[in-house]
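Here's a sequence, model it:
(chains A, B, C and D)
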There are 2 protein chains.
Amino acid sequence: MSSNNILDRILASAKLSKKETAKQQRILRSAVDLFAEKGYANTSTSEIAKRSEVAEGTIFRHYGTKENLLLAVIVPFLKESLPAMAQEVFEEVNPAKQAGFGHFLRAMFLNRLRFFRENKEIFRVVVKEFVYRDELRNELMAHINRDIVVYMFKAMDHFKARGDLPDLPNERLLKLIFPYVFSQFVIRFALASEEPPVSDEEEADAIVGFVLRGIEGYR
Amino acid sequence: MSSNNILDRILASAKLSKKETAKQQRILRSAVDLFAEKGYANTSTSEIAKRSEVAEGTIFRHYGTKENLLLAVIVPFLKESLPAMAQEVFEEVNPAKQAGFGHFLRAMFLNRLRFFRENKEIFRVVVKEFVYRDELRNELMAHINRDIVVYMFKAMDHFKARGDLPDLPNERLLKLIFPYVFSQFVIRFALASEEPPVSDEEEADAIVGFVLRGIEGYR
DNA sequence: TTAAAATGTGAGTGAACACTCACTTTTATT
DNA sequence: AATAAAAGTGAGTGTTCACTCACATTTTAA
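Below you'll find the predicted structure:
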């Protein structure tokens, strides 16, 4: 393995993609399903070939290695889900336009809830491998800290200036809020076998309410 | 694989254990370290043999299969950590003796924090495999629901009767509290590379406070 | 229409894997 | 001290794995 880190390789491989063959799409679909179900390490390339009704050689013609196939699955998801938290969401969910931190948090929660639901299988793959592979996790965390957390801090400063958020250090606030919200996604989409029979809005109200009251105590 | 479920096999294999050889202990130690670091699927038995300075055959003499070795690692931990939550903790942390739900929760948090810290490596193995293996997770969850949740519900009823806890359905309360508390353990011991420079008591106060205020809103 | 490039194939390959077994060494029993 | 039982060994085994490659088919470009 060369000196490149994973994210560089992710971006590089994403650049290469022109158009996907029908067979490529079938390969990716099968890979996502199998990785989500049994994990990367327990899925063989011959199994993926069989399910996609494709010769095993075809997989390697397009992706070169099994590892690259995993990246081809994860890349588009990360490219959408992580920066989205920083850009798309921050526009749709513009802090300046929101009535308060609660509304902002609620909008973010609902936005990501729907995105993860639409990409449930890939989310499962990412969670599994995030826990399983230290190297991948460390590089992802570095990326998140570098690019995403900055935006969250900006939003928090905004609401703190408006007196809508207690004047705790940003880092402390994030550590109180983020694990709680994210654990809901992990439980719902990666661990539980089925979703609870509650509307998204009710769920959002409950969780945001919980978080807001929890934070308020520090004022 | 026979009709036995995992937990039955766990209990059966635990029954067999008489006394451990020095080499057996070295094997278990190496297995824990390697499983925690790279995951079960990415660790080979020859690697475990090498690190424990033991012939590969010795591993199979004692454990029969690689899968059984994993169970031999996980069993004692589960036998201590899960029932402990139901018995030891509920005696040491007797609901009737606690000033209130907050004190009870705080005591439980500190108790498990210390236990997981002492068994950090095994905790990492369990978390990794819990996320990675659907079958193991489902059986573990069934066990937790059957044996542990019952105790938690009893404690909650106790505090509700004393008016120390809002009169929400137990299930709902648990779903609000448990993910938050447990995610703290997962982040701290399974995902983060080092522990934060905060005293256990401060951490307990922060988290319990957060949870209590979050719940109180529902009154 | 034809050449070239891209896509697709599946038998084949070496390495790694979990596990076996005939045998040796150590420990426990009398 | 003799014997049996338990623990330990490592070369060997069959299987599975990711990956290759010479060739076939399809698509694109001129």
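
What strand or helix carries the residue nearest the centre of chain A?
Closest residue to the average C-alpha location of chain A: residue A:81 at 5.0 Å, with CA atoms, centre = their mean. Using DSSP states H and E, residue A:81 sits within helix A:66-86.

Show the subsequent helix or strand relative to whichever strand or helix holds residue A:159.
According to DSSP H and E, residue A:159 maps onto helix A:149-161. Note on helix A:149-161: by DSSP H and E, the next helix or strand toward the C-terminus is helix A:170-185.

which helices and strands does the very next helix or strand once past that next one pack with?
Going down the chain from helix A:170-185, the next helix or strand is helix A:200-216, by DSSP H and E. Contacts defined by 3 or more CB pairs under 8 Å, 6 or more residues apart in numbering or on different chains; DSSP states H and E place helix A:200-216 against helix A:101-118, helix A:170-185, helix B:200-216. For glycine as for every other residue, the C-beta is placed from the backbone atoms N, C-alpha and C.

Name the residues that touch helix A:200-216?
Here helix A:200-216 makes contact (CB atoms under 8 Å, 6 or more residues apart in numbering or on different chains) with A:101-102, A:105-106, A:109-110, A:113-114, A:165-166, A:168, A:173, A:176-177, A:180-181, A:184, A:196, B:176, B:209-211, B:213-217.

How about stretch A:128-140?
By CB under 8 Å, 6+ apart, the surrounding residues in contact with stretch A:128-140 are A:5-7, A:35-36, A:39-41, A:70, A:74, A:78, A:190, B:37-39, B:127-128, B:131-132, B:190-191, B:193.

Now that we have those residues, which of them are buried?
Neighbour-count burial (16 or more other CB atoms under 10 Å in any protein chain shown) applied to the contacts of stretch A:128-140 gives A:6-7, A:35-36, A:39-41, A:70, A:74, A:78, A:190, B:38-39, B:127-128, B:131-132, B:190-191.

Roughly how far does residue A:148 sit from residue B:191?
16 Å (CB to CB, to the nearest Å).

hmm, I was thinking of residue A:183
From residue A:183 to residue B:191 the distance is 12 Å (CB to CB).

What of residue A:165?
Relative to residue B:191, residue A:165 is positioned 26 Å away (CB to CB).

got it, and residue A:36?
Look at residue A:36 and residue B:191: by CB to CB, they are 20 Å apart.

swap in residue A:70?
Counting by CB to CB, the gap from residue A:70 to residue B:191 is 20 Å.

Can you tell me which residues in chain A are near chain B?
Within chain A, the positions adjacent to chain B are A:37-39, A:41-42, A:127-128, A:131-134, A:137-138, A:176, A:179-180, A:182-184, A:187, A:190-191, A:193, A:206, A:209-211, A:213-217 by CB under 8 Å from any CB of the partner chain.

Which residue ranges make up the domains of chain A?
Chain A resolves into domains spanning A:1-73, A:93-219 when parsed by automatic domain parsing.

If you average pLDDT over each of those, which is lowest?
Ranked by mean pLDDT, those bottom out at domain A:1-73, with a mean of 84.

is it anywhere near DNA strand C?
Yes: against DNA strand C, domain A:1-73 shows contacts by CB under 7 Å from any atom of the strand at A:18, A:21-24, A:54-58, A:60-62.

helix/strand/coil for residue A:20?
Put simply, residue A:20 is coil when judged by DSSP: H, G, I helix; E, B strand; the rest coil.

neighbours around it, how many?
When neighbours are defined as other CB atoms under 10 Å in any protein chain shown, residue A:20 has 13 of them.

who touches it in this structure?
For residue A:20, the contact set (CB under 8 Å, 6+ apart) comprises residue A:28.

Also the one 3 residues further on?
For residue A:23, the residues meeting the contact criterion (CB under 8 Å, 6+ apart) are A:52, A:54, A:58.

let's go with 6 Å and repeat that
Residue A:23 sits next to A:54, A:58 when contact means CB atoms under 6 Å, 6 or more residues apart in numbering or on different chains.

Just give me how far the helix or strand harbouring it sits from the chain centre.
Per DSSP H and E: residue A:23 is located in helix A:22-38. The chain centroid and the centroid of helix A:22-38 are separated by 18 Å, computed with CA atoms, centre = their mean, to the nearest Å.

check whether that helix contacts DNA strand D.
No: Helix A:22-38 lies out of reach of DNA strand D by CB under 7 Å from any atom of the strand, never closer than 9.1 Å.

Which positions in that helix come out as buried?
By 16+ other CB under 10 Å, the buried positions in helix A:22-38 come out as A:23-24, A:26-28, A:30-36, A:38.

Now do it against helix A:66-86, angle only.
Relative orientation of helix A:22-38 and helix A:66-86, computed by axes from the mean of the first three to the mean of the last three CA atoms, to 10 degrees: 80 degrees.

Put the alpha carbons of helix A:22-38 into PDB.
Output in PDB follows, covering the C-alpha atoms of helix A:22-38 (Å, rounded to 0.1, in the frame of the first residue of the first chain):
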ATOM      1  CA  ALA A  22     -25.200  -1.700 -16.800                       C
ATOM      2  CA  LYS A  23     -23.100  -4.400 -15.400                       C
ATOM      3  CA  GLN A  24     -21.100  -2.000 -13.300                       C
ATOM      4  CA  GLN A  25     -24.300  -0.900 -11.700                       C
ATOM      5  CA  ARG A  26     -25.400  -4.500 -11.100                       C
ATOM      6  CA  ILE A  27     -22.000  -5.100  -9.500                       C
ATOM      7  CA  LEU A  28     -22.300  -2.100  -7.200                       C
ATOM      8  CA  ARG A  29     -25.800  -2.900  -6.200                       C
ATOM      9  CA  SER A  30     -24.800  -6.500  -5.300                       C
ATOM     10  CA  ALA A  31     -21.700  -5.400  -3.500                       C
ATOM     11  CA  VAL A  32     -23.700  -2.900  -1.400                       C
ATOM     12  CA  ASP A  33     -26.300  -5.500  -0.400                       C
ATOM     13  CA  LEU A  34     -23.700  -8.100   0.500                       C
ATOM     14  CA  PHE A  35     -21.400  -5.800   2.300                       C
ATOM     15  CA  ALA A  36     -24.300  -4.400   4.300                       C
ATOM     16  CA  GLU A  37     -25.600  -7.900   5.100                       C
ATOM     17  CA  LYS A  38     -22.400  -9.700   6.000                       C
END
